[in-house]
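Asks: Generate coordinates for the sequence data below:
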Amino acid sequence: MSRRVERFSNASNVKPLRRKRDHRVIAGVDIGASKVACFIAALTPESGPESGNEFGAEVIGVGCCGLPPRASAGRSMDHLEVSLRRAVEAAERMAGVEINAAHIAVPGRLACARRIGVDLEIADGVITEDDVDDARNEGAALAAPPEYVALSASPIAYRVDSEAVYDDPVGCAGALLSAELLGLSVRESALDNLAALAERCGLSATEFSPAPAAAAESCLLEDEKELGVVLIDIGAASTGYAVYDDGALVDCGGVGIGGGHITRDIAQIFGARLSDAERIKTLHGAALIGPGDEHRFVDFPQLGDGADPSRASRADLCEVIIPRMEEIFELVAERLPSDQRGRQTLRRAVITGGGSLLLGAREIAEKTLAMKTRIGRPLSIIGAPEAGAAPGFSVCAGLILRAASNSSSRKFFLGGAGQSRHAFEKRAIFGGAGRWLRAKF
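Replies: This is a model prediction of the structure:
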């Protein structure tokens, strides 16, 4: 039974949502390990003499639904489906529209990033838009290894006759155009699972985007991207990262440890249920030990019927949290560029996601990464409620901003370097993902 029929079959007195198929309504869905979030936004033309055909986004609906702990009996695709349905329906009720397609985030740990170099001889001695398109298309064809589907091939830098040029080399004179691109791809089976889950809820995938790159679009400042920054998105099951330098995305990925592992550590060491461990972590946990914490005590409800709660100091709780938080940042640091130039340009980090709200997370990041660190929250989007500006919604907000940019006259690239053109918009930005979506749907 479809989601629409199921929703109103037993509620004859409920007024159905009006269906709006206008392409100016967009949606972003973030399917995480602890929650599913959905943003619905309306595209509005930007005002001003220089706006051209560019659009802004106004959030008109927000929905969120939590997932049961992993240890709950039989958490499966059915639980994900129920949570996704509830999140989408909550956003639809708030927006007053129904959606049948969404931009869907892919966890950073599933993304594969590879640098691509393309050399193109210039016949007429002056670089044209077609030459840049050809270079990008050749790079897009190499963006994904076997059994992977390409998501994007974003430009990092251009060189003409071995000399660095501006972001857009069109009009430069030279005999050889060299383009360096970052190809992002995901294993086909992972996309199949996400697409199947969305289809079960009556949604089709407009586009798949790496979650860390989406979060970066909502949290990072343009100056940070230009000067060099790493964004770290701390989720429940994994932690994603996106590295920017000279305004371009130069690396993206993730590690298989997140805030949920801290919860499991607390539950195992203190003998508490996962739900109680999560609550205690949120209320009393910290990644630093403050004065007097050894004299502040926390009660831990125990597993089993009628078991008396145990008591431990807040300092004991923090000593469980700190090593795991340090491990998260150490694993991310191991994935960062290892060359000397790459390390020198990375002087700043931005942490976001639900795990970044843990007290002391920023200080642990600064100590472990040796970088100035701040907590990243989604930049203000018109219409978004205050709760939607929390770090846990960075990915959803970024998906909306990315979709709004894609709808503008100048195509939006993950790396932010260069401008798009119609030919590359069709063939390269989705890479294999465009062909995969057409084949599947």
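
Asks: Let's check: the centremost residue of the chain is which one?
Replies: Ala211 (1.9 Å; CA atoms, centre = their mean).

Asks: ok, that one touching Asp30?
Replies: Yes: contact criterion CB atoms under 8 Å: Ala211 and Asp30 qualify, at 6.7 Å. Any C-beta I mention is one placed from the backbone N, CA and C, and that applies to glycine too.

Asks: mind listing the strands for the stretch 1-150 of the chain?
Replies: Assigned by DSSP state E, counting those that start in this stretch, the strands in the stretch 1-150 of the chain fall at 18-19, 25-31, 35-45, 55-66, 97-98, 101-106, 111-121, 148-160.

Asks: just so I know, which of those lies nearest Ala389?
Replies: Among those, strand 55-66 comes nearest to Ala389, with 10.2 Å by CB to CB.

Asks: Can you tell me the number of residues neighbouring Ala216?
Replies: Per other CB atoms under 10 Å, the neighbour tally for Ala216 reads 32.

Asks: Residues in contact with the helix or strand it falls within: which ones?
Replies: Ala216 belongs to helix 211-219 when assigned by DSSP states H and E. The contact list for helix 211-219, computed with CB atoms under 8 Å, 6 or more residues apart in numbering, reads 28, 30, 105-108, 111, 184, 225, 231-233, 235, 240-242, 244, 249, 252-254, 350, 352-353, 376-379, 381, 391, 394-395, 397-399, 401-402, 414.

Asks: among the residues you listed, which ones are buried?
Replies: 28, 30, 105-108, 111, 184, 225, 231-233, 235, 240-242, 244, 249, 252-254, 350, 352-353, 376-379, 381, 391, 394-395, 397-399, 401-402, 414 (16 or more other CB atoms under 10 Å).

Asks: Ala237: what's it in contact with?
Replies: Counting by CB under 8 Å, 6+ apart, Ala237 has contacts 32-34, 107, 256, 258, 260.

Asks: And it, how close does it get to Cys65?
Replies: 16 Å (CB to CB, to the nearest Å).

Asks: Spit out the contact partners of Thr206.
Replies: By CB under 8 Å, 6+ apart, the neighbours of Thr206 are 26, 101-104, 403.

Asks: ok, which pair from those is furthest apart?
Replies: Pairwise over the contacts of Thr206, using CB to CB, the maximum falls at Ile26 and Ile104, 12.0 Å.

Asks: starting at the chain centroid, how far to stretch 306-314?
Replies: 38 Å (CA atoms, centre = their mean, to the nearest Å).

Asks: May I have the distance across it, first residue to last?
Replies: This stretch, stretch 306-314, spans 24 Å end to end (CA to CA, to the nearest Å).

Asks: which outside residues touch that stretch?
Replies: 270-271, 284, 286, 289, 293-302.

Asks: As a quick check, tell me the outermost residue of the chain.
Replies: Max radial position in the chain (CA atoms, centre = their mean) goes to Gly306, at 42.4 Å.

Asks: quick one: low-confidence parts of the stretch 101-250 of the chain?
Replies: Applying pLDDT under 70 to the stretch 101-250 of the chain flags residues 166.

Asks: Tell me which stretches of the stretch 101-250 of the chain form helices.
Replies: For the stretch 101-250 of the chain, applying DSSP state H, counting those that start in this stretch gives helices covering 129-141, 188-200, 211-219, 222-227.

Asks: contacting residues around Gly259?
Replies: Counted by CB under 8 Å, 6+ apart, Gly259 has contacts 34, 234-236, 353-355, 358.

Asks: Swap in 10 Å and give it another go.
Replies: Counting by CB atoms under 10 Å, 6 or more residues apart in numbering, Gly259 makes contact with 33-34, 234-239, 278, 281-282, 285, 321, 324-325, 328, 353-358, 361.

Asks: How about Gly271?
Replies: If you count contacts by CB under 10 Å, 6+ apart, then Gly271 has 277, 300-304, 307, 309-310 around it.

Asks: Excluding residues flanking it in the chain, which one is nearest Phe270?
Replies: Phe300 (4.3 Å; CB to CB, 6 or more residues apart in numbering).

Asks: Name the residues contacting each of Ala211 and Asp30.
Replies: Among the neighbours of Ala211, those also in contact with Asp30 (CB under 10 Å, 6+ apart) are 104-107, 235, 394-396, 398-399.

Asks: Could you tell me which of the contacts of Ala237 count as buried?
Replies: For the contacts of Ala237, buried by 16+ other CB under 10 Å: 32-34, 107, 258, 260.

Asks: Out of those residues, which is nearest to Ala190?
Replies: Pro107 (8.4 Å).
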